[in-house]
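> here is my input, please return the structure:
(chains A, B, C and D)
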Protein chains: 2
Amino acid sequence: MEAKAILQQHIAKTISLSEEQFAHFFSYFKPMSFSKGQTIIGEGDTVDCEYFVLSGCLKAFYINDEIKMYILQFAMPTWWTSDYAALYNNTRATINVDCITDAEVLCLSNADREKLCSELHEAEHFFRWRTNRGYIASQKRLLSFMNNDTKKRYEELLALYPQLYNLVPKHLIAAYLGVSRETLSRLYSAH
Amino acid sequence: MEAKAILQQHIAKTISLSEEQFAHFFSYFKPMSFSKGQTIIGEGDTVDCEYFVLSGCLKAFYINDEIKMYILQFAMPTWWTSDYAALYNNTRATINVDCITDAEVLCLSNADREKLCSELHEAEHFFRWRTNRGYIASQKRLLSFMNNDTKKRYEELLALYPQLYNLVPKHLIAAYLGVSRETLSRLYSAH
DNA sequence: TTGGTTACGTGACCTACATCACATTCGAAA
DNA sequence: TTTCGAATGTGATGTAGGTCACGTAACCAA
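Next comes the predicted model:
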């Protein structure tokens, strides 16, 4: 499926736009391709855009003391990602985004999103709902962190992203769960 | 300061409305008073409203196995709270909200918020930005959870809410940090 | 004032997970 | 095919924080 159709199907779950309106909506998005391992946002960069994933898998992560990596989000097709704190507050990136696999994305700049939102009430509605869902998911993950042990969080993760097990190396799964790769490895063998 | 002025000042940070527009905006909010200890949302309730705090302090929390409590948010004046997952998905509450102190709030129903957002583009803009900020804060807290030990999270919390130390019992602070009250207590004495 | 509940401190002990060290397997590039 | 680095498994050991147990202090309500 081509980029335009993927985005159209995605936003149709929240708002309905005429063909003409959607064409305008889509005109703000810029397609980009990246290959496996490539960095999209690096720590310290200025952040202008957010990214809608068409194919492939990205990760948004934080690196502590140049050593430990924590993954905030795996971004699969139809997911959005960026360093939103940097994007909205116009500060330098503290979050990195890079490609776990080759990936195609649609890129939307901060300025264009705001322009779109002010031009088209439905667009503002769409982005409100998108962020709502992200907020609720984030709260849920926070609770899971406080409440569940590693094993349960691991099972939760696989339920949420079943494809992940075969797609990404295990140490990245550990970095999402917030445990060491050794602990995750021992989780498997313990059955 | 009266309720109307507090809300007006709060939303003026994000959008500008005429007096007439704001009067309409405000007309959807219903003032309510609660006393210390009172439950606003209990687990299993249907959730119709979100709450804007005028005075006092609420907590939004989750109870695991009828035993352990985890606090998602302390809601101070000009903060918003609810069980948003239940509110937006029209499901039963899994999060509780109650009063740490006597409190006055403005109550906005889900239906009225959506009506307001569709009537007034600026309102939609306001709620998009409010949720944005919540999402970013939630991501930040998640990172802090993965990255920092209890002591550092405790210092972070006191920096974010300096009033809290004298306002709420220590076991609630422990429940926000996600540690046992004993561990928090030992943190104090260790310095 | 009194009796009961809630808050808080502190010791003893236990457990999940981190860290370090090393072995093994796998996959891509030469 | 060979080779080298990345990914993964696994043992030994250290530690932050949980849990249980108990004591004291503060705060209401009768």
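> contacts and neighbour counts: CA atoms only from here.
Fine.
> and the lengthiest helix in chain A, how far out from the chain middle?
Ranked by number of residues, the top helix in chain A under DSSP state H is helix A:121-147. With CA atoms, centre = their mean, to the nearest Å as the basis, helix A:121-147 stands 12 Å off its chain's centre.
> what about it, average pLDDT?
Averaged over helix A:121-147, pLDDT sits at 97.
> list the buried residues for that helix?
Using 16 or more other CA atoms under 10 Å in any protein chain shown as the test for burial, helix A:121-147 gives A:121-136, A:138-139, A:141-143, A:145-147.
> check stretch A:36-55 too.
For stretch A:36-55, the buried set under the neighbour-count rule, 16+ other CA under 10 Å, comprises A:39-43, A:46-55.
> now, which of those lie within strands?
Among these, the members falling in strands (DSSP state E) are A:39-41, A:49-55.
> got a markdown table for those, with pLDDT too?
What follows is these, written out as a markdown table (pLDDT from 0 to 100):
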| residue | pLDDT |
| --- | --- |
| A:Thr39 | 95 |
| A:Ile40 | 97 |
| A:Ile41 | 97 |
| A:Cys49 | 97 |
| A:Glu50 | 98 |
| A:Tyr51 | 98 |
| A:Phe52 | 98 |
| A:Val53 | 98 |
| A:Leu54 | 97 |
| A:Ser55 | 95 |
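> and of these, the nearest to A:Arg186?
A:Thr39 (30.7 Å; CA to CA).
> what helix or strand is the closest residue in space to that closest one that isn't next to it in sequence on?
Leaving aside its sequence neighbours, A:Thr39 sits nearest to A:Asp98 (CA to CA, 6 or more residues apart in numbering or on different chains; 4.3 Å). Secondary structure assignment for A:Asp98, by DSSP states H and E: strand A:96-99.
> which secondary structure elements does that strand contact?
strand A:39-41, strand A:58-64 (3 or more CA pairs under 8 Å, 6 or more residues apart in numbering or on different chains; DSSP states H and E).
> 10 Å instead?
strand A:39-41, strand A:58-64, strand A:68-75 (3 or more CA pairs under 10 Å, 6 or more residues apart in numbering or on different chains; DSSP states H and E).
> state the paired neighbours of it in the sheet, together with their directions.
strand A:39-41 (antiparallel), strand A:58-64 (antiparallel) (DSSP bridges).
> so the host helix or strand of A:Met32 versus strand A:49-55, what angle?
Using DSSP H and E, A:Met32 falls within strand A:30-34. Angle between the axes of strand A:30-34 and strand A:49-55 is 70 degrees (criterion: axes from the mean of the first three to the mean of the last three CA atoms, to 10 degrees).
> what sits closest to A:Thr81 if chain neighbours are left out?
A:Tyr51 (5.3 Å).
> quick one: the one you found from chain B, how far?
According to CA to the nearest CA, to the nearest Å, A:Tyr51 and chain B sit 16 Å apart.
> that residue against A:Met32, yeah?
Yes. Assessed by CA atoms under 10 Å, A:Tyr51 is found in contact with A:Met32 at 9.4 Å.
> pull out the buried residues from the lowest-mean-pLDDT helix or strand in chain A.
Across the helices and strands of chain A, mean confidence by mean pLDDT, DSSP states H and E is lowest for helix A:164-167: a mean of 89. For helix A:164-167, the neighbour count (16+ other CA under 10 Å) marks A:Leu164 as buried.
> near DNA strand C, which residues of chain A are found?
Counting by CA under 7 Å from any atom of the strand, the residues of chain A lying close to DNA strand C are A:149-151, A:178-183.
> among those residues, who's most crowded?
Within the residues of chain A next to DNA strand C, most neighbours by other CA atoms under 10 Å in any protein chain shown means A:Gly178, with 22 neighbours.
> now do the phi/psi pair for that one.
Main-chain torsions, A:Gly178, degrees, to the nearest 10: phi 80, psi 30.
> could you do the one 10 residues further on as well?
Backbone torsions of A:Tyr188, given as degrees, to the nearest 10, read phi -60, psi -50.
> same thing with A:Glu43?
Dihedral angles for A:Glu43 - degrees, to the nearest 10 - are phi -50, psi 130.
> list the residues that contact it.
Residues counted as contacts of A:Glu43 (CA atoms under 10 Å, 6 or more residues apart in numbering or on different chains) are A:61-63, A:83, A:92-97.
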